[in-house]
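After the sequence you'll find the predicted model.
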Amino acid sequence: MSYKAAVITISDKGYRGEREDTSGPNLVNILRDKGMDVCYTTIIPDDMEMIKAELIKCADELNITLVLTTGGTGFSPRDITPEATMAVVERPTPGIPEAMRAESMKITPRGCLSRSAAGIRKNSLIINLPGSKKASQENLLGVIDAVEHGLEMLCSQGSANCAEAAK
């Protein structure tokens, strides 16, 4: 099944044109390779209200099934993407960022420093990814198969066939 997807890059420097966004376009390519329809992309600054507004727009107005953010998940005082995400989600999905951090820890001991969050708002799954091209790709690829099954469940009228998927 093809799902509508969005990629939101959150970066002060990217927004101001001071840094090229490499993670956002790379995530778009990964999603398209998975057969998803990436119908919305944007770059915004590390601003709480702007992040929340974009997430709400994607979920409530554009009815996008998978919303990925890249950037703002570190320890810098401006890194507020997880807080903005958790302010708008209705149901947290903690297993996704836990799995991403576990995958990252296989590559670097700094993987535990990611503060990524994920959750569901209406019929949209929102996932925070790190800002670097390499880390965002590693994190997404570490969970994409499970995420696709989650999207199937999210979009189903009843429940997806979980027992079959687990085989």
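Noted; the coordinates are in hand. Numbers count the residues shown, from 1 in each chain.

can we go C-alpha only for contacts and neighbour counts from here?
Noted.

lowest-pLDDT helix or strand in this structure?
Least confident helix or strand of the chain, by mean pLDDT, DSSP states H and E, is helix 162-165 with a mean of 48.

got the contact list for Asn139?
100-101, 103-104, 129-130 (C-alpha atoms under 8 Å, 6 or more residues apart in numbering).

most neighbours, which of these?
Greatest neighbour count in the contacts of Asn139, by other C-alpha atoms under 10 Å, goes to Leu129: 31 neighbours.

which residue ranges form the helices in the protein?
Along the chain, counting by DSSP state H, helices occupy 12-15, 23-33, 48-56, 81-88, 95-105, 133-155, 162-165.

Throw those into JSON lines and include distance to Gly111, thanks.
Below are the helices of the chain laid out as JSON lines (distance: least, C-alpha to C-alpha, whole Å):
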{"stretch": "helix 12-15", "distance to Gly111": "23"}
{"stretch": "helix 23-33", "distance to Gly111": "17"}
{"stretch": "helix 48-56", "distance to Gly111": "23"}
{"stretch": "helix 81-88", "distance to Gly111": "16"}
{"stretch": "helix 95-105", "distance to Gly111": "5"}
{"stretch": "helix 133-155", "distance to Gly111": "9"}
{"stretch": "helix 162-165", "distance to Gly111": "28"}
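
Which stretch among the ones you listed approaches Tyr3 most closely?
helix 133-155 (8.1 Å; C-alpha to C-alpha).

and the closest one, average pLDDT?
Average pLDDT, helix 133-155: 97.

Also stretch 44-55?
Taken as a whole, stretch 44-55 has a mean pLDDT of 98.

how much distance is there from it to the middle of the chain?
Relative to the centre of its chain, stretch 44-55 is centred 14 Å away, using C-alpha atoms, centre = their mean, to the nearest Å.
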